[in-house]
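Engineer: no sequence on this one, just coordinates:
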């Protein structure tokens, strides 16, 4: 038994699969049975850009799952994998089964009524004791947003680090996935292959994904909210995908004072347990009107806030403030960063190695972004963890790896 996550224009859903060795054709039949999308209307892909397709012709360009006889295992799809579904037309979603009451005349007590309501209240304490940012990693992120993007469009990244037994999170590097930012929205164009490499590097260094960081734009600063409804949806989704109770959402903004001065400001939150639950159970209205108040989230059904039944919830109800600290972590952040306006090339590797000649070799490669570039030329199951472990322990890098790295730099 395994579960495959399916994202479509309707949001994130799950399909249960009994046999991990099924074909694309059999998977489509399961999607029709469980999600009520006819096989003839389905276009599947492991590439999330499928959801940006505007026409049928655009959809047909995604051919990685077009062969009905292809095995899921041959496509790298296993338990927990995400695939993307596009379809034309309308869809009928099966509603919940209704069980008749055992006694027609049974009276409901006040406790029964309360139990049937979804109550939204503020969560006082986070599961995360604090979040500490590596100074260089945080500065490299905010400097790019401030100097290159001028806080005009949104930017985001995944935070990696460690979590202590008492719930203290340390962020040691930030991975910036492919993305498209606008003034109000941030679309993550996630690359599963690249993220697998990132996970392998993190694992080798004894780290894991601990949260999500994004920026707000200058235009947003003129509006009266902490997080917008779109930001709440994105943060709740990413928090819900994680199995980490200490997962942190961090926001970077430019605050302009009355005298015209500007300071970059970091804030950190956890999405409340209720927020994540509501998102997972499909209570949030995800189709938000352009003129909707951004400081409110809309529910598909009434919830109870205070003593009032309502479909509108102030976003602040979903936020639990986390204390921010800083530290000097084990990695540098001087190497060019992935997926920005300028592609990272081997010339950057040569320049970096030339600039750091006086340092021990392991120190010269102790930068996540450099390791990510190198890992494209290494075996993800053996070489990447081995090199990352050298960085973690600051051990001598084996001569074979040194020669390979220097030859890659010399070939630029």
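Structural biologist: Perfect, I can see it now. This one's a predicted model, so the numbers in the text were calculated from it and none came from an experiment.
Engineer: what's the following helix or strand after the helix or strand bottoming out on mean pLDDT in the chain?
Structural biologist: Using mean pLDDT, DSSP states H and E, the weakest-scoring helix or strand in the chain turns out to be helix 110-116, at a mean of 49. Toward the C-terminus, helix 110-116 is succeeded by strand 119-120 as the next helix or strand (DSSP states H and E).
Engineer: Adjacent strands (with direction) for that next one?
Structural biologist: Strand 119-120 pairs in its sheet with strand 296-305 (parallel), by DSSP bridges.
Engineer: what comes into contact with the strand it pairs with?
Structural biologist: 117-121, 229, 232-233, 278, 282-285, 288, 292, 309-315, 317-318 (Cβ atoms under 8 Å, 6 or more residues apart in numbering). The C-beta positions use only the backbone N, C-alpha and C, and glycine is treated the same way.
Engineer: Give me the buried subset of these.
Structural biologist: Among the contacts of strand 296-305, those classed as buried by 16 or more other Cβ atoms under 10 Å are 120, 229, 232-233, 278, 283-285, 288, 292, 312-315, 317-318.
Engineer: among those residues, which are in helices?
Structural biologist: Among the buried ones among the contacts of strand 296-305, DSSP state H puts 229, 232, 233, 278 in helices.
Engineer: In a markdown table: those residues, plus distance to residue 151.
Structural biologist: A markdown table is the format used below for those (distance: Cβ to Cβ, whole Å):
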| residue | distance to residue 151 |
| --- | --- |
| 229 | 20 |
| 232 | 20 |
| 233 | 22 |
| 278 | 30 |
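Engineer: what's the farthest-apart pair in those?
Structural biologist: Using Cβ to Cβ, these span at most 12.8 Å, a distance reached by 229 and 278.
Engineer: List just the nearest of the buried ones among the contacts of strand 296-305 to residue 376.
Structural biologist: residue 233 (32.5 Å).
Engineer: The stretch 201-350 of the chain: strands as residue ranges?
Structural biologist: Taking DSSP state E, counting those that start in this stretch to define them, one finds strands in the stretch 201-350 of the chain at 208-215, 248-256, 262-271, 296-305, 308-314, 319-321, 324-327.
Engineer: which of those strands is buried the deepest?
Structural biologist: Ranked by average neighbour count under the criterion mean count of other Cβ atoms under 10 Å, these are headed by strand 208-215 at a mean of 23.
Engineer: and residue 314, what does it touch?
Structural biologist: By Cβ under 8 Å, 6+ apart, the residues touching residue 314 are 295, 296, 305.
Engineer: run the last query once more with 10 Å
Structural biologist: Contacts of residue 314 were listed using Cβ atoms under 10 Å, 6 or more residues apart in numbering, and they are 120, 122, 225, 226, 293, 295, 296, 297, 305.
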